[in-house]
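Visitor: got a sequence here, can you model it:
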Amino acid sequence: MKISIIKLLALALLFTSCQKYLDNGQLPAGTIGGSDAYISDNSISAIVTGSLAALNGSGPDDFPGLTGLYTDELLPMPNTSANNKIHMCYEDAISPATVNFWSSTYSKIYALNLAIEGINATNAQLYFKNQWLGECYFLRAFNYYYLTNLYGDVALALTSDFNVTNKLSRAPQSDVYRQIISDLKMATSMLPATYRDGYGSVTADRARPNLRTAQALLAKMYLATGEWQRAADMADSVIADNDTYKLVGLADVFLKNSQETIWSMAMIDDRITAEFESYNNSMPATVTTEPVSTYLVQVQLTDDLLNSFEPNDGRYTNWVRATTYTGITPTATYYFPNKYKSVANGAERSMILRLADIYLVRAEARTALKNLSGAQEDINVVRSRAGLSNTTASTETELQAAIAQERRVELFTEMGNRFFDLRRTGKLDAAMIAAKGNGIWTAYKQFWPIPPSEITYNPNLTQTFGY
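Guide: Below you'll find the predicted structure:
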């Protein structure tokens with residue numbers, strides 16, 4: 001990792017004045033640095049909030065769109081510029097200089113390592129030390145979760161000491177998985193089950209991770225490592241908290257602090273979501289002018305995804321929208337994700353983890369554990385909410401296929417789930433060849449290339465296989 005880039009970006013997190021963000025009132029604000037950084041709950045809250053705020057920039061806010069293009073969920077609109085990351089991802093021809101989550105994610109990890117060290121070392125009297133540390137361990141795990149899912153083997157930086165991190169080589173993904181799980185276990189031992197704000201007070205706001213957030217990501221990690229009982233147990237813990245979490249109506253899922261939300265990404269001043277801007281941007285059902293230049297919506301849903309919905313699936317009705325462009329002959333109709341619909345600031349939030357995902361995680365774990373009736377129950381909970389009849393799948397193989405189908409139509413364009421699910425279940429190559437053909441897809445593209453500048457700076461790093 002490059003010192004100059006990481007120092008500048010990480011220090012920006014520490015020295016930037018925090019704004020109204022991530023709670024129901026004013027967050028601690030002020031310029032913090034040097035030995036004054038860890039002197040109080042107030043100053044540490046501002047630092048941790050900076051790491052939460054950093055998620056809004058350079059990922060994961062554009063993971064959903066880019067990974068949707070990279071797989072089989074999205075394709076570019078006509079007249080979208082050919083020389084941008086939209087076409088790079090759709091054509092599975094990523095330039096690491098243009099699509100670069102590596103450098104920005106390591107700047108976030110550096111800031112978190114610095115915070116963990118500072119909080120652990122301070123002699124200040126802290127009333128909410130466990131919250132701050134738990135949030136930091138969770139966020140480090142979260143950043144590594146997406147980093148390793150994009151790049152495979154990654155450098156495992158667990159210190160802020162540049163003399164160590166500048167010499168790291170890429171660790172095997174299995175080691176990264178173990179570290180993610182370790183960090184999430186630390187988070188579960190520290191975070192409360194209630195949501196807390198930047199002052200450590202109980203809040204209804206779901207923009208900071210809590211115990212259930214860590215357990216939900218742990219459940220997903222245990223699926224990745226094939227630890228089925230542990231995955232089921234973690235999912236049980238979240239689902240059993242039914243005073244806090246419930247499946248809600250399809251039209252309400254993505255509303256701010258819906259009961260389905262386990263963790264959502266707040267924006268500075270809770271502005272409209274990136275998803276609304278990318279897929280909707282107030283484009284009406286009929287347009288007479290070219291939609292890309294007029295509404296700046298550059299991607300659409302693939303026919304493959306559209307055709308995967310069953311008849312009468314409420315998710316299609318609620319979460320897919322169409323626009324017909326009448327300015328050409330013949331007219332053209334395009335289909336877009338419609339999970340985020342509001343132009344009002346603060347009405348919706350970008351979803352990171354939600355309950356339906358965890359029901360399907362448990363269904364997959366139960367299937368592997370031969371609890372087939374339990375898996376059917378979990379699938380049916382999700383299908384019932386969509387207005388569909390119970391699953392007809394009854395064997396282990398049938399249930400695996402049914403779960404994959406439900407995950408596809410339930411979680412489309414959400415946080416890279418399709419990309420990660422296909423690779424985790426060994427179906428990525430077949431799905432990509434079917435969607436894009438051998439001329440575009442080859443197996444090494446399951447992981448992305450890292451920036452050559454990082455290798456130049458640290459020769460112990462190697463390029464991702466195949467690039």
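
Visitor: and the helices in the stretch 301-450 of the chain?
Guide: Ranges of helices in the stretch 301-450 of the chain, per DSSP state H, counting those that start in this stretch, are 303-306, 314-319, 355-368, 372-385, 396-410, 417-424, 428-436.

Visitor: export those helices to TSV and tack on mean pLDDT, distance to residue 261 and mean neighbour count?
Guide: To be clear about C-beta, it is placed using only N, CA and C from the backbone, and glycine gets the same treatment. TSV is the format used below for the helices of the stretch 301-450 of the chain (pLDDT from 0 to 100; distance: least, CB to CB, whole Å; neighbours: other CB atoms under 10 Å):
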stretch	mean pLDDT	distance to residue 261	mean neighbour count
helix 303-306	98	24	16
helix 314-319	98	16	19
helix 355-368	98	8	25
helix 372-385	98	15	19
helix 396-410	98	15	19
helix 417-424	98	16	22
helix 428-436	96	29	17
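
Visitor: for residue 222, find the nearest of these.
Guide: Across these, residue 222 has its closest neighbour in helix 355-368 (7.4 Å, CB to CB).

Visitor: endpoints of stretch 81-99, how far apart?
Guide: Stretch 81-99 stretches 16 Å from its first residue to its last (CA to CA, to the nearest Å).

Visitor: roughly how far out does that stretch sit from the chain middle?
Guide: 20 Å (CA atoms, centre = their mean, to the nearest Å).

Visitor: same question, stretch 200-210
Guide: Distance of stretch 200-210 from the chain centroid (CA atoms, centre = their mean) equals 19 Å.

Visitor: pull the CA atoms of it into PDB?
Guide: Extracted C-alpha coordinates of stretch 200-210, given in PDB (Å, rounded to 0.1, in the frame of the first residue of the first chain):
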ATOM      1  CA  GLY A 200     -23.600   6.300  23.100                       C
ATOM      2  CA  SER A 201     -27.300   6.900  23.600                       C
ATOM      3  CA  VAL A 202     -30.000   4.400  22.600                       C
ATOM      4  CA  THR A 203     -31.600   5.400  19.300                       C
ATOM      5  CA  ALA A 204     -34.100   4.200  16.700                       C
ATOM      6  CA  ASP A 205     -31.600   5.100  14.000                       C
ATOM      7  CA  ARG A 206     -29.900   2.000  12.300                       C
ATOM      8  CA  ALA A 207     -26.900   3.700  10.700                       C
ATOM      9  CA  ARG A 208     -24.300   2.500  13.200                       C
ATOM     10  CA  PRO A 209     -23.600  -1.300  13.600                       C
ATOM     11  CA  ASN A 210     -24.900  -3.100  16.600                       C
END
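
Visitor: only the buried residues of that stretch, if you could.
Guide: By neighbour count with 16 or more other CB atoms under 10 Å, stretch 200-210 contains the buried residues 200, 203, 205, 206, 207, 208, 209, 210.

Visitor: so which of the residues you listed is the closest to residue 249?
Guide: Using CB to CB, the shortest approach to residue 249 within the buried residues of stretch 200-210 belongs to residue 206, at 17.5 Å.

Visitor: who's in contact with the closest one?
Guide: By CB atoms under 8 Å, 6 or more residues apart in numbering, residue 206 lies in contact with 195, 257, 261, 262, 263, 264, 349.

Visitor: can you give me the neighbour number for the first one?
Guide: Going back to what we said before, that points to residue 195. For residue 195, the neighbour count with other CB atoms under 10 Å is 24.

Visitor: doesn't residue 211 make contact with it?
Guide: No - using CB atoms under 8 Å, residue 195 makes no contact with residue 211, being 9.7 Å away.

Visitor: any idea how many residues pack against residue 454?
Guide: The tally of other residues near residue 454 (other CB under 10 Å) stands at 19.

Visitor: what residue is smack in the middle of this protein?
Guide: residue 415 (3.6 Å; CA atoms, centre = their mean).

Visitor: so what's it up against?
Guide: By CB under 8 Å, 6+ apart, the neighbours of residue 415 are 60, 63, 64, 351, 352.

Visitor: what's the closest of those to residue 163?
Guide: Taking CB to CB as the measure, residue 60 is the one of the contacts of residue 415 closest to residue 163, at 29.6 Å.

Visitor: pLDDT below threshold where in the stretch 201-350 of the chain?
Guide: For the stretch 201-350 of the chain, no stretch has pLDDT under 70.

Visitor: which residues does residue 234 contact?
Guide: Contacts for residue 234 (CB under 8 Å, 6+ apart) come out as 215, 216, 218, 219, 222.

Visitor: hmm, I was thinking of residue 345
Guide: Listed by CB under 8 Å, 6+ apart, the contact set of residue 345 reads 269, 270, 271, 272.

Visitor: as TSV, those residues with secondary structure, distance to residue 300 and neighbour count would be great.
Guide: Below are these laid out as TSV (DSSP: H, G, I helix; E, B strand; the rest coil; distance: CB to CB, whole Å; neighbours: other CB atoms under 10 Å):
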residue	secondary structure	distance to residue 300	neighbour count
269	helix	30	10
270	helix	27	19
271	coil	24	14
272	coil	20	20
